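Asker: predicted model, plus sequence, below.
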Amino acid sequence: MTVPKVRGRKGKEPLVMVTAYDATFARMLDEGGADLLLVGDSLGMVVQGNEDTLSVTVDDIVYHCRAVARGTHYAHIVGDMPFLSYNVTPEEAVRNAGRILAEGRAHSVKLEGGRPVVPVIERLVAAGIPVMAHVGLTPQSVHAMGGFRIQGRDEQSAQRILDDAKAVAEAGAYALVLEGIPAELASRITAAIDIPTIGIGAGVGCDGQVLVCYDMLGLTPDLRPKFVRRFDELFERGKTAMEQYATAVRSGEFPGPEHTFGPAKGPRAVASGS
């Protein structure tokens, strides 16, 4: 799945995007039909156990991208650019994004923000680095927004997000994530720009959808956002499996004979006098 193929899906078959953080999950999701795998800075919360994404580093993203790349054969791999990895200077953004592609083996990068990051997007695209943009609810700005709040509910903020979307598209982004905005606004943006929109908490009018794999698979027992549909409950199933394993070990049922190795067989004895 290449950048031109992603762009070519606008208005056609919806794009399926999901996060991934290691080779095993990447293989499972890739073989299950994902078009794009996002190595998101969400790993700071679901993998590292932090309260937000702000402490994730470029080294973290490179490490997890490299692992995901080993398990992926079809999907397009997008590496998230962490907090402050692209906000200081365009030159630093190019260096960090270059590492995510060269060392992490990602195919593109994603960064948050609207009109203020247009110079960065233009610089990255000029350097041959494909960029996925991200507007609306931007988790790296959680403190400025006063928490994880739905954006664009009044006309003034809706117009700002629409203007941001147009600006990043014109700057050269090949796709745009719309997070945490009203469905009607997401549909307006999707119709107004010529690149695919990928929604998360933005309704069905986008050109695709993205979810955090841990949420989608039911691996986050204490986090249940309104916009997430849990397609399984793997946390509960995994806990049950662990309980069964612990019971089997403590009872002496496991390991059984079928899980046990015997001594090596020696050479066949030679009959005397032969």
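Answerer: Great, that's in hand.

Asker: next structured bit after whatever helix or strand residue 69 lives in?
Answerer: Secondary structure from DSSP states H and E places residue 69 in helix 58-70. Helices and strands here follow DSSP H and E; after helix 58-70, the next one along the chain is strand 76-80.

Asker: relative to helix 58-70, how tilted is that following strand?
Answerer: 170 degrees (axes from the mean of the first three to the mean of the last three Cα atoms, to 10 degrees).

Asker: and strand 76-80, which strands flank it?
Answerer: In the sheet, strand 76-80 lines up against strand 36-39 (parallel), strand 108-112 (parallel) (DSSP bridges).

Asker: go through the longest one and flag the buried ones.
Answerer: Taking 16 or more other Cβ atoms under 10 Å as the neighbour-count basis, strand 108-112 is seen to contain the buried residues 108, 109, 110, 111, 112. For the C-beta atoms, the positions are set from N, CA and C on the backbone; glycine is no exception.

Asker: which helices and strands does whichever helix or strand comes after that strand pack with?
Answerer: Where DSSP H and E defines the elements, the next helix or strand beyond strand 108-112 is helix 118-126. Packed against helix 118-126, as judged by 3 or more Cβ pairs under 8 Å, 6 or more residues apart in numbering; DSSP states H and E, are the following elements: helix 90-102, strand 108-112, strand 131-136, helix 155-171.

Asker: kindly state which of these is positioned closest to residue 80.
Answerer: Nearest to residue 80, of all those, is strand 108-112, at 5.2 Å by Cβ to Cβ.

Asker: quick one: closest of the helices and strands packed on helix 118-126 to residue 75.
Answerer: Comparison of the helices and strands packed on helix 118-126 against residue 75 by Cβ to Cβ identifies strand 108-112 as nearest, at 11.8 Å.

Asker: that closest one to helix 90-102, inter-axis angle?
Answerer: Going by the same axes, to 10 degrees, strand 108-112 makes 140 degrees with helix 90-102.

Asker: excluding sequence neighbours, find me the nearest residue to residue 119.
Answerer: Of all residues not flanking residue 119 in the chain, residue 90 sits nearest, at 5.7 Å (Cβ to Cβ, 6 or more residues apart in numbering).

Asker: wait, that neighbour touches residue 117, no?
Answerer: No. Using Cβ atoms under 8 Å, residue 90 is not in contact with residue 117; the gap is 9.5 Å.

Asker: so between those two, which is more surrounded?
Answerer: More neighbours surround residue 117 than the other of residue 90 and residue 117, with 26 against 17 (other Cβ atoms under 10 Å).

Asker: show me the shaky parts of the stretch 1-150 of the chain.
Answerer: With pLDDT under 70 as the threshold, the stretch 1-150 of the chain has low-confidence stretches at 139-148.

Asker: go again with 50.
Answerer: Low-confidence segments of the stretch 1-150 of the chain, defined by pLDDT under 50, are located at 143.

Asker: just the stretch 151-274 of the chain next, same as before
Answerer: With pLDDT under 50 as the threshold, the stretch 151-274 of the chain has low-confidence stretches at 274.

Asker: could you rerun that using 90?
Answerer: Under the criterion pLDDT under 90, the flagged ranges of the stretch 151-274 of the chain are 151-154, 220-229, 259, 262-274.
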